[in-house]
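[1] no sequence for this one, just the structure:
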């Protein structure tokens, strides 16, 4: 599968955006945890959101980070195919199989993530009364963006 340079540039933009959003989520997560620790131990007061918001940020951070891994092709390859001495055609077959496995994996997660989001949307979190589906929404959203990036990259390493 080969696409034009425009689609490769779009895949690179998706990767960059995922990295920036991931960096913002890491910074937000760290700030929340530091604030909660300071509040708890210095002021003997724990915010209501002390468990829910950091947990939600961590869930979204995990799946946003996965976008970059899929776009870069590092989940299934992990650089091992390049280290193993195999003929180039055999390496290409494994690369296509990894791309296909990634495609199927993401498609399944988009579908099941959407179903989980729908099932849990009406439920509310304990402290902030947010829809529980916000946690599960990270699956179809992030896997959809990862799938788009994977398709735009077109199997290129």
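    Nice, I can see it. Remember, predicted model here, so these are calculated numbers, not experimental data.

[2] Flag every buried residue along stretch 51-63.
    Judged by neighbour count using 16 or more other C-beta atoms under 10 Å, the buried positions of stretch 51-63 are 52, 53, 54, 56, 57, 59, 60, 61, 63. Just so you know, the C-beta spots here come from the backbone N, C-alpha and C atoms, and that holds for glycine as well.

[3] ok, now how distant is the third one from residue 36?
    Using C-beta to C-beta, to the nearest Å, we find residue 54 at a distance of 7 Å from residue 36.

[4] So which residues of the chain form helices?
    Taking DSSP state H as the test, the helices found in the chain are 5-42, 52-72, 80-83, 88-120, 133-136, 138-153.

[5] I'd like those as TSV, with mean pLDDT and distance to residue 126 appended.
    Formatted as TSV, these follow (pLDDT from 0 to 100; distance: least, C-beta to C-beta, whole Å):
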stretch	mean pLDDT	distance to residue 126
helix 5-42	93	16
helix 52-72	93	7
helix 80-83	63	43
helix 88-120	90	14
helix 133-136	96	13
helix 138-153	94	19
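
[6] Now distance to residue 127 too, for those helices, in TSV please.
    What follows is the helices of the chain, written out as TSV (distance: least, C-beta to C-beta, whole Å):
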stretch	distance to residue 127
helix 5-42	12
helix 52-72	5
helix 80-83	43
helix 88-120	16
helix 133-136	13
helix 138-153	19
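
[7] which residues touch the residue most central in space within the chain?
    Closest residue to the average C-alpha location of the chain: residue 63 at 2.2 Å, with C-alpha atoms, centre = their mean. By C-beta atoms under 8 Å, 6 or more residues apart in numbering, the contact set of residue 63 is 138, 139, 141, 142, 143.

[8] likewise residue 32?
    53, 54, 57.

[9] one more time with 10 Å, if that's ok
    By C-beta atoms under 10 Å, 6 or more residues apart in numbering, residue 32 lies in contact with 47, 49, 50, 53, 54, 55, 56, 57, 58.
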